[in-house]
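> have a look at this fold, sequence not included:
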C-alpha cells in the first residue's frame with residue numbers, strides 16, 4: 001500500500017469519513033462496510049463486477065479497507081468436522 005493511501009485511510013479514521021467518497025458519516029449509528037458508506041461499498045462492487053478495477057486495486061489506493069474475518073466460529077460438530 002502506498003504512503004498516500006495510508007495517509008488517506010488515517011485521515012478518514014481520524015475525521016470519521018468514508019474512504020471511498022471522503023464524505024462524513026451522517027450519524028454515529030451508520031454502519032460502515034470496509035470503511036465505506038453502504039452506497040459507496042455497493043457502487044464499488046458494481047464497478048468491480050463490471051471489470052473497471054479489482055478489490056485489491058481499491059485497497060492499494062486506500063479507497064477500500066481490507067476484509068476482515070467476521071462472524072462466529074462454527075460450533076456445530078458436523079461443521080467443525082467438515083472444515084478440517
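Okay, I see it. What you are looking at is a predicted structure, and each value in this text was computed from that prediction instead of being measured.
> what does the lowest-mean-pLDDT helix or strand in the chain contact?
Taking mean pLDDT, DSSP states H and E as the measure, the chain has helix 77-82 as its least confident helix or strand, at a mean of 79. If you take Cβ atoms under 8 Å, 6 or more residues apart in numbering as the criterion, helix 77-82 is touched by residue 74. All C-beta atoms are positioned from the backbone trio N, CA, C, and that covers glycine.
> can you check stretch 1-16 too?
Residues from elsewhere that reach stretch 1-16, judged by Cβ under 8 Å, 6+ apart: 17-19, 22, 24-25, 35, 59-63, 65.
> which of the residues you listed ranks first by neighbour count?
With neighbours taken as other Cβ atoms under 10 Å, the top of these is residue 19, carrying 26 neighbours.
> nearest residue to the middle of this protein?
Centroid check for the chain by Cα atoms, centre = their mean gives residue 34 as the closest residue, at 1.8 Å.
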